[in-house]
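A.B. asks: pasted the sequence and its predicted model underneath.
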Amino acid sequence: MDKAALALFFIVTGVHLYASLKKDKALRAKTKPFILLTLLAFYCFSAEPVLLTVVLALLFSWLGDVLLIPDGVKWFTAGGISFMISHFFFMITYAGMTDIDKVNRLALIVLPLVFVVSTAVIFKKLQPHLPKALFWPMLLYLLINGGMNCFAWFRSMSSTGSAAAITAIGALLFYISDTALFFVRFNKDSRLKTHFLVMLTYSLGEFLIVLGLVLH
């Protein structure tokens, strides 16, 4: 069943990426809800043990996907809140797998600073294009995504195998995906004209996060 779920994940994701590239809004809307559902099925069939925090993180990511399908600020905000909750559940998961004593003390300071600075630079470029009401909530959201990344990379630093590194790379792709989404949605002068890069980095990021947790 795990292989069947994984195959379905790649098929649905492939069709969705094709729809994103072709700007086929109807096909994107039909396929998007099944990306995280098939990935959740893969996790549940593959992981041992199945962690409730991971299941909840993926469920809230799925809900975020669904809420972002309609246009409008209210839907965008609701989707962002759902993804924010997802990030917190991922943080709890990573924290439980991390031996903080093995993490370099300098990294505990430098890594959060890297994400704070990168987020500040991103929003400096986005600010002229964002509605004033969304600027601070979106900034907070991306900082929380950065926090999720920090926990993922701290876990990687305290682990000897490749599983934690795979999850950390996935988390970084998630951060890149959110950044790309903001530019696609709000910066009409951006080079990013479709959701292809957004969904490529998002789908691959979520997959690598789950794969690293399954291999743990």
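C.D. replies: On my side now, so go ahead. Numbering: from 1, shown residues only.
A.B. asks: now do the contacts for the most centrally placed residue in the chain.
C.D. replies: In the chain, the centroid-proximal residue (CA atoms, centre = their mean) is Phe174; its distance is 3.4 Å. Contacts for Phe174 were tallied using CB atoms under 8 Å, 6 or more residues apart in numbering; they are Asn145, Met148, Asn149, Thr201, Tyr202, Gly205, Glu206, Ile209. (C-beta placed from N, C-alpha, C; glycine too.)
A.B. asks: 7 Å instead, please
C.D. replies: Asn145, Tyr202, Gly205, Glu206 (CB atoms under 7 Å, 6 or more residues apart in numbering).
A.B. asks: so the second one is in which element?
C.D. replies: Translated: Tyr202. In the assignment (DSSP states H and E), Tyr202 maps to helix 196-214.
A.B. asks: mind checking the pLDDT average for that helix?
C.D. replies: Mean per-residue pLDDT for helix 196-214: 97.
A.B. asks: so how far is stretch 205-214 off the chain centroid?
C.D. replies: Computed by CA atoms, centre = their mean, to the nearest Å, the chain-centroid distance of stretch 205-214 equals 11 Å.
A.B. asks: show me the contact partners of it.
C.D. replies: By CB under 7 Å, 6+ apart, stretch 205-214 touches 36, 39, 42-43, 46-47, 54, 61, 163-164, 166-167, 169-171, 173-174, 177.
A.B. asks: cool, thanks, signing off.
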